[in-house]
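>>> Give me a 3D structure for the following:
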Amino acid sequence: MKQQRDFPWHSDPGQRSACAGARKKRRERMLDASDIRLLMLHFLESGSAHGYELIKSVEELSKGEYTPSPGIIYPNLTLLEEMDAIRVVDAHASRKAYALNPGGSALLAENRDHIAVIIERLTSLAILVDNRSIPEIEQAIHAIRYTLNHRLSQEPISPATVEIVVAALREATEKIAKS
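Now for the predicted structure:
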């Protein structure tokens, strides 16, 4: 009977969470605080919103691929308020809703081109989600990951094997880039 081998990416929850953490960290660096502030001003231009609604607006723009944390949203709302770019709509409400001030409108006007770049970056993530979820592509990605990880988890990896793997990956990369 063939012995089934456990692979770290399947069996160790710590490894999975470390990989998920690394992915999350990459997402966190996608936008810096000034980008987040501009996005919030952009969404507030359409009407007042709570911090949670702003988080959801960014998340929807990227189809869930990027979600800013409350730890970046709320301090930046406070900063924008201190900069007189936004104001609290009803200071006595249980949840603060924010609206754009003339100072915020001026910041938006000065940064329209940069906001367009930020929105395009997030929209491209949404396109990636749609295209990556095509069943044939999803299956092909899974197959290449599984096969590569399975082969690389075996010893020994000879110089000839390294050459074969690298050449195959480069060839696939070139074909995909040219498609």
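
>>> gap between residue 55 and residue 155?
As judged by Cβ to Cβ, to the nearest Å, residue 55 and residue 155 stand 46 Å apart. Where C-beta positions appear, they are placed from N, C-alpha and C, glycine not excepted.

>>> whoops, residue 168 was the one
19 Å.

>>> With neighbour numbers in mind, choose between these two.
More neighbours sit around residue 168 than around the other of residue 168 and residue 155, counting by other Cβ atoms under 10 Å; the figures are 13 against 6.

>>> What are the contacting residues of the helix or strand containing that one?
Following DSSP states H and E, one finds residue 168 within helix 159-178. With contacts defined as Cβ atoms under 8 Å, 6 or more residues apart in numbering, helix 159-178 is touched by 144, 148, 151, 152.

>>> And those, which is closest to residue 122?
Ranked by distance to residue 122 (Cβ to Cβ), the contacts of helix 159-178 are led by residue 144 at 26.8 Å.

>>> The closest one and residue 175, how far apart?
For residue 144, the distance to residue 175 equals 13 Å [Cβ to Cβ].

>>> Looking at these two, which is more packed in?
residue 144 (13 against 9).

>>> The more buried one belongs to a helix?
Yes: residue state for residue 144 (DSSP: H, G, I helix; E, B strand; the rest coil) corresponds to a helix.

>>> Excluding covalently adjacent residues, which one is nearest to it?
By the measure of Cβ to Cβ, 6 or more residues apart in numbering, the closest residue to residue 144 outside its immediate chain neighbours is residue 172, 7.5 Å from it.

>>> For residue 165, see how far away the one you found is.
Taken as Cβ to Cβ, the span from residue 172 to residue 165 is 11 Å.

>>> Pick out whichever of these two has more residues nearby.
For residue 172 against residue 165, the residue with the higher neighbour count under other Cβ under 10 Å is residue 165, and the figures read 15 against 12.

>>> per-residue pLDDT, the more buried one?
pLDDT, the model's per-residue confidence, is 94 for residue 165.

>>> can you dump the C-alpha coordinates of stretch 90-97 into CSV?
In CSV, the C-alpha atoms belonging to stretch 90-97 read as follows (Å, rounded to 0.1, in the frame of the first residue of the first chain):
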residue,chain,number,x,y,z
ASP,A,90,-24.4,64.3,14.4
ALA,A,91,-22.1,64.5,17.4
HIS,A,92,-24.9,63.0,19.6
ALA,A,93,-25.5,59.9,17.5
SER,A,94,-24.3,56.6,18.9
ARG,A,95,-22.3,56.0,15.7
LYS,A,96,-20.4,58.9,14.1
ALA,A,97,-21.3,59.6,10.5
